[in-house]
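Asks: with the sequence up front, the predicted model follows.
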Amino acid sequence: RQTIKEIETNVAYRWFLGYGFSEKIPHFSTFGKNYVRRFKDTDLFEQIFYRILKEAMTKGFVDPSVAFIDSTHVKASANKKKFDKKVVRVEARSYQAQLDEEINVDREEHGKKPFPPQEKEETKEIKSSTTDPESGYYVKDEREKSFAYSFHTACDANGFVLASHVTGANVHDSRVFTDVLDKVMEKVAKPNAVAADAGYKTPFIAKYVTDLDILPVLPYTRPRTPKGYLKKRDFAFDEHYDCYICPEGQTLSYRTTTRDGYRQYASDPKQCRDCPLLSMCTQSQNHMKLIHRHVWEGYLEEADHLRHTPQNKEIYAKRKETIERVFADAKEKHGMRWTTLRGLGKLSMQAMLTFAAMNLKKLASWAWKSLKPA
């Protein structure tokens, strides 16, 4: 309604839209209903977004050599106290078939029987909003709990948004990473490096990016070992003999590979019983130390080694002035802290239009500066 009011009284808007001084502007309901009648189930807003981005690329303003990927939460138009508890099927990870195959290969190489196909469906209980069922219940801390949406977004080194994907806030960042990166490669270009925060630091993402010959730029994450206990990094992994060696020189030998893709390495309880570091090593009643190592952990370790290079340090430091700046501007200047719309379809429209507007403003600003005499 406000948009229509602005068009009625603003001569610049009338001129831009091709309306004369005395021409009647359509009723706001006509404008509003177009979203439902004409634009529903279309990719019109995505077309608008990429049309503007293409213009910025043509002018040489977009630098897709590094893609910065992150997500932000947008509060849904839903009362956090009005919900039903539902038991839903856990959606299989996109790479589950690939992981299952590698697990069975790993088991066979270690003389173990491969796992049979898992037929039982995994379920979980979730809170589903009665107002907006497509939103997700989001818990940040004890005080901040609400229904929200996640805007998973990629931008370039100059702050131009390259792609966006909307999900409920209860969908983990790592599950959407490949969708966002694939969209960047399809619509823009393949980046040389991808920078993401700790939420994306998983073995699969490290493998996926490395296999594409893209540099993974991931942060340091603190070990979750209880205070006062030896950390996993205190145990040296011997790749040749496929074992871990503890600080006291004892070998932790391979035992099995689990369905989740983790190899188990266990110590000899007879040797651990009288170890001077036992109280710092394990709380196990039978004095056995167990270490888990993912079948793709080598990719994660390589990403950790790269973290110390000057190039990775420089790229990661730019997150605060690229993707974090994009989200700050979207929330502060474009009303993206919360939404009045409901449903994934409408939220996807909002995301595309918001980011298209931000790209358009940057495009106009940069084009104007380039015309000014030096």
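Replies: On my side now, so go ahead.

Asks: okay, now residue 308: neighbour count?
Replies: 9 (other C-beta atoms under 10 Å). Every C-beta, even on glycine, is put in place using the N, C-alpha and C of the backbone.

Asks: typed the wrong thing, it's residue 57
Replies: By other C-beta under 10 Å, 20 other residues sit near residue 57.

Asks: one more: residue 203?
Replies: Taking other C-beta under 10 Å as the neighbour definition, residue 203 ends up with a count of 20.

Asks: what's it in contact with, if anything?
Replies: Each residue near residue 203 by C-beta atoms under 8 Å, 6 or more residues apart in numbering is listed here: 261, 294, 295, 296, 297, 299, 300.

Asks: so which of the residues you listed are in helices?
Replies: Taking DSSP state H, the ones among the contacts of residue 203 that sit in helices are 297, 299, 300.

Asks: out of these, which one sits closest to residue 75?
Replies: Each of the ones in helices among the contacts of residue 203 was checked against residue 75 using C-beta to C-beta; the closest is residue 300, at 33.2 Å.

Asks: wouldn't the closest one be in contact with residue 201 here?
Replies: Yes - at 7.2 Å, residue 300 and residue 201 qualify as touching, with contact defined as C-beta atoms under 8 Å.

Asks: what sits against residue 123?
Replies: When contacts are counted by C-beta under 8 Å, 6+ apart, residue 123 touches 87, 88, 89, 90.

Asks: from the residues you listed, pick the one nearest residue 8.
Replies: Out of the contacts of residue 123, the one with the shortest distance to residue 8 is residue 88. That distance is 47.0 Å, counting by C-beta to C-beta.

Asks: need the contacts of residue 203 in CSV with distance to residue 357, can you?
Replies: Shown next, in CSV, are the contacts of residue 203 (distance: C-beta to C-beta, whole Å):
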residue, distance to residue 357
261, 42
294, 42
295, 44
296, 40
297, 42
299, 38
300, 38
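
Asks: which one among these gets closest to residue 62?
Replies: Of all the contacts of residue 203, residue 62 sits closest to residue 299, with 28.8 Å by C-beta to C-beta.

Asks: burial of that closest one, as a residue count?
Replies: For residue 299, the count of nearby residues is 21 (other C-beta under 10 Å).

Asks: quick check: the gap between it and residue 207.
Replies: In this structure, residue 299 and residue 207 are separated by 4 Å, where distance is defined by C-beta to C-beta, to the nearest Å.

Asks: likewise residue 259?
Replies: Distance, residue 259 to residue 207, by C-beta to C-beta: 18 Å.

Asks: between the two, who's got more neighbours?
Replies: residue 207 (24 against 10).

Asks: now the strand or helix carrying that one: buried residues?
Replies: Element membership for residue 207 (DSSP states H and E) is helix 203-211. Judged by neighbour count (16 or more other C-beta atoms under 10 Å), helix 203-211 contains these buried residues: 203, 204, 205, 206, 207, 208, 209, 210.
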